[in-house]
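Engineer: sequence and computational prediction follow.
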Amino acid sequence: MTVDEAIPNLDAPDIALFEAVGTRRSAVAGDYLYREGDSAYDFYVLVTAAVEIVLRTEGGEKLIAQHGPGRFLGELNMLTGQRVFASARVVDAGDVIAVPRAELRRVMTTNPRLGDSILAAFLARRARLISGAGSSSIRVIGSRFSPEATRLREFLSRSGIPHEFLDPERDAAVEAVLTCRGLIPADLPVVIVTGAVLRRPTPGSLADYIGVSVGNLPERRFDLIVVGGGPAGLAASVYGASEGLRTLVVEMIAVGGQASSSSRIENYLGFPLGISGGDLTQRAHVQAQKFGASLVSPVTVASLQERAAHLVVGLMDGTEVAGRAVIAATGARYRRLDTPRLEEFEGNGLYYAATETEARACGIAPVVVAGGGNSAGQAALFLAGGGCPVTIVIRGTDLAKSMSRYLIDRIDADPRIHVKANARIVALGGDQTLRSITIATPGETTTVECAGLFSFIGAEPSSEWLSGCAALDKRGFVLTDRSIRDEDLDGRWDTLGRRPFPFETSLPGLFAVGDVRSGSTKRVATAVGEGSAAVGSVHEWLAFAH
């Protein structure tokens, strides 16, 4: 018989274990153990009571799940600290055990069997919220042509938060939703979340409401601050938190970095059938939180200073967080095309990621991928697999200079993909959204139909926040350990009496990993390895300096 991971049953010893660390009480039919919109809730074990998980809608309530004696409540926000997305209402009176979140974490850490069962249930329940009736717990209402709405959807999707998108121009029923709340077109995009209405929110203000911003942190001092939530930063956070370091990760857009935009990674060790970048980084995200790491986004880092034996990270909003050590894992961002009307179409047909969100916007219309690296190849294959005719535009003569052989072979074998070499994009066309592009090759200029232009044209380091703090190479990538010149090491190193540890920069206690590091190999596996290994150097620094 197949066991449903979302609804495991606890045995008598498990219930006794939770009773020892929780509070047993009676629950009356009709009581709510927690409600959607609550900022926090306890972990509940049902001893003799039965509960329905429900979601409020315009017409009343929507049933999400039912749980009876021997089961437990909660989903992934129990670990992430996000607001509650659905309510738990008692339908059969009985006893329940309320367990504080801190005690739940301790049980999950000290009892691997039980911890794995609970975590698997949380993950399965979140997946059902995202794909099922629970997706309406957050509704983004706006035009498909709105860059602001696109950014909100991107943040929610990449953060693994359940939501649905409603476009008033396509769905006549949306007007009733807006009217009953007194909303007008000027208010869009709107996010309706746990009963609250957020007019024209930014991803930052939405994150603050949901509970994943810096303002929701219980403390501002950490052993380790990881700046950047891509594969390198997530690996560092997993190893740092699992080894007992109070760890914080701050990410500028959404956890996952550029890797989360990869539709399929097939050369990552241990995944012979491949895995999407989004799935890989989401698993790492949960893994880090399982060990107690705090992760916040979207957060833009503005500066770094030394103060009172700490490295103080200054954020764009003026907030500061302090760490005994800092790992820079801010990666590299794709360069922007040097083409007129670029800003006009960003988010309206011009994209820097190829995920389900962007693919749905394009349908099966022709698209163009600019770039010849692995990310471009993965995007082309993903889009072609969805039915889009794809044109890859590269400046060089062939793909072999920058793309893995297995991707080139698949592109060559796919009749829906055409490669234009020695080419560049010189013009963009369209009104509200991108409709065409003009491609120049030696001796010829052609204009082609295009519902989506996906840009992957090389990388620039995200190292501005380190200017004046750490030595950089000529291209702006961060120098570490053996690549640091003697003239970049000031008097502090004479006092310390040592050279930089592996991955350490010219600023003691600051480390750099992944794509932002000078000389790094721009691959997901390399970034994960560097992020993991750097934690060993962090431990050396903490032991040496303190």
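Structural biologist: Yes, it's here. Numbering: from 1, shown residues only.
Engineer: what comes up buried for the helix or strand of the chain with the lowest mean pLDDT?
Structural biologist: Every helix and strand of the chain was ranked by mean pLDDT, DSSP states H and E. The lowest is strand 332-334, at a mean of 84. Within strand 332-334, the residues scored as buried using 16 or more other Cβ atoms under 10 Å are A332, R333, Y334. (Glycine included, C-beta is placed from N, CA and C.)
Engineer: same check, this time on stretch 220-239
Structural biologist: Buried, per 16+ other Cβ under 10 Å, within stretch 220-239: 222-239.
Engineer: same check, this time on stretch 39-58
Structural biologist: 41-47, 49-56.
Engineer: any idea which of those is closest to F18?
Structural biologist: V45 (4.8 Å; Cβ to Cβ).
Engineer: doesn't P69 make contact with the closest one?
Structural biologist: No - V45 lies out of contact with P69 (Cβ atoms under 8 Å); the separation is 9.6 Å.
Engineer: so which residues of the stretch 101-250 of the chain form strands?
Structural biologist: Taking DSSP state E, counting those that start in this stretch, the strands of the stretch 101-250 of the chain run over residues 138-141, 164-166, 190-193, 196-199, 221-227, 247-250.
Engineer: got it, and the stretch 251-400 of the chain?
Structural biologist: 294-296, 301-307, 310-315, 320-328, 332-334, 350-351, 367-370, 390-393.
Engineer: elements contacting the third one?
Structural biologist: Using 3 or more Cβ pairs under 8 Å, 6 or more residues apart in numbering; DSSP states H and E as the contact criterion, the elements in contact with strand 310-315 are strand 221-227, strand 301-307, strand 320-328.
Engineer: L489 - how many residues pack around it?
Structural biologist: Using other Cβ atoms under 10 Å, L489 has 17 other residues around it.
Engineer: how about it, what does it touch?
Structural biologist: R499, P500, S506 (Cβ atoms under 8 Å, 6 or more residues apart in numbering).
Engineer: hmm, try it at 7 Å
Structural biologist: S506 (Cβ atoms under 7 Å, 6 or more residues apart in numbering).
Engineer: in terms of pLDDT, where does it sit?
Structural biologist: With respect to pLDDT, L489 scores 94.
Engineer: what stretches of the stretch 301-450 of the chain score poorly on pLDDT?
Structural biologist: Confidence mapping of the stretch 301-450 of the chain against pLDDT under 70 gives zero matching residues.
Engineer: try 90 this time
Structural biologist: For the stretch 301-450 of the chain, the stretches flagged by pLDDT under 90 are 308-309, 317, 332-335, 347-348, 352-361, 375, 401-402, 431-433, 443.
Engineer: which parts of it are helices?
Structural biologist: In the stretch 301-450 of the chain, the helices defined using DSSP state H, counting those that start in this stretch lie at 342-345, 356-362, 374-385, 405-413.
Engineer: looking at the ones you listed, which is buried most?
Structural biologist: helix 374-385 (a mean of 24; mean count of other Cβ atoms under 10 Å).
Engineer: elements contacting that one?
Structural biologist: strand 367-370, strand 390-393, helix 405-413 (3 or more Cβ pairs under 7 Å, 6 or more residues apart in numbering; DSSP states H and E).
Engineer: looking at these, spot the one closest to T445.
Structural biologist: strand 390-393 (12.9 Å).
Engineer: can you show me the CA trace of the closest one as PDB?
Structural biologist: Only the C-alpha atoms of strand 390-393 are listed here, as PDB (Å, rounded to 0.1, in the frame of the first residue of the first chain):
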ATOM      1  CA  VAL A 390      13.700  28.800 -31.000                       C
ATOM      2  CA  THR A 391      16.500  30.900 -32.600                       C
ATOM      3  CA  ILE A 392      19.800  31.000 -30.700                       C
ATOM      4  CA  VAL A 393      21.800  34.100 -31.600                       C
END
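Engineer: from here on, count from 58
Structural biologist: In the new count, where the first residue is 58, that last one comes out as strand 447-450.
Engineer: pull up the pairing partners for that strand, direction included.
Structural biologist: With DSSP bridges as the test, strand 447-450 is paired with strand 424-427 (parallel), strand 474-477 (parallel).
Engineer: name the residues that touch the last one?
Structural biologist: Right, strand 474-477. A437, A441, V447, T448, I449, V450, I451, L456, I468, I496, T498.
Engineer: ok, the second one touching I449?
Structural biologist: No - the criterion here is Cβ atoms under 7 Å, and A441 misses it with I449 at 10.0 Å.
Engineer: who's in contact with the residue nearest to L161 when sequence neighbours are not counted?
Structural biologist: Take L161 and drop its neighbours on the chain: the residue closest to it by Cβ to Cβ, 6 or more residues apart in numbering is F100, 4.4 Å away. Shown in contact with F100 (Cβ under 7 Å, 6+ apart): F129, G131, M135, V156, R158, L161.
Engineer: buried ones among the residues you listed?
Structural biologist: Buried among those by 16+ other Cβ under 10 Å: F129, G131, M135, V156, L161.
Engineer: give me every residue that touches the second one.
Structural biologist: By Cβ under 7 Å, 6+ apart, G131 lies in contact with F100, F179.
Engineer: again, 10 Å this time
Structural biologist: G131 makes contact with 91, 98-102, 110, 141, 145, 156, 158, 161, 175, 178-179, 182 under the criterion Cβ atoms under 10 Å, 6 or more residues apart in numbering.
Engineer: next one: the first one
Structural biologist: Remark: with contacts taken as Cβ under 10 Å, 6+ apart, F129 is in contact with 64-67, 71-72, 75, 100-103, 135, 153-154, 156, 161, 174-175, 178-179.
Engineer: now with 8 Å?
Structural biologist: Contacts of F129 (Cβ under 8 Å, 6+ apart): L67, F100, Y101, V102, L103, I175, A178.
Engineer: shouldn't V353 be in contact with L274?
Structural biologist: Yes - contact status for V353 versus L274: in contact at 6.8 Å, counting by Cβ under 8 Å.
Engineer: okay, domains of this structure per the record?
Structural biologist: Domain ranges of the chain: 69-188, 191-262, 271-390+516-602, 399-512, per automatic domain parsing.
Engineer: please work out which of these is packed deepest.
Structural biologist: Most buried among the domains of the chain, counting by mean count of other Cβ under 10 Å: domain 271-390+516-602, with a mean of 20.
Engineer: re the thing from before, now distance to D530 and mean pLDDT too, for the strands of the stretch 158-307 of the chain, in JSON lines please.
Structural biologist: Output for the strands of the stretch 158-307 of the chain, formatted as JSON lines (distance: least, Cβ to Cβ, whole Å; pLDDT from 0 to 100):
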{"stretch": "strand 195-198", "distance to D530": "41", "mean pLDDT": "95"}
{"stretch": "strand 221-223", "distance to D530": "42", "mean pLDDT": "94"}
{"stretch": "strand 247-250", "distance to D530": "42", "mean pLDDT": "95"}
{"stretch": "strand 253-256", "distance to D530": "43", "mean pLDDT": "94"}
{"stretch": "strand 278-284", "distance to D530": "19", "mean pLDDT": "97"}
{"stretch": "strand 304-307", "distance to D530": "24", "mean pLDDT": "97"}
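Engineer: many thanks, I have nothing further to ask.
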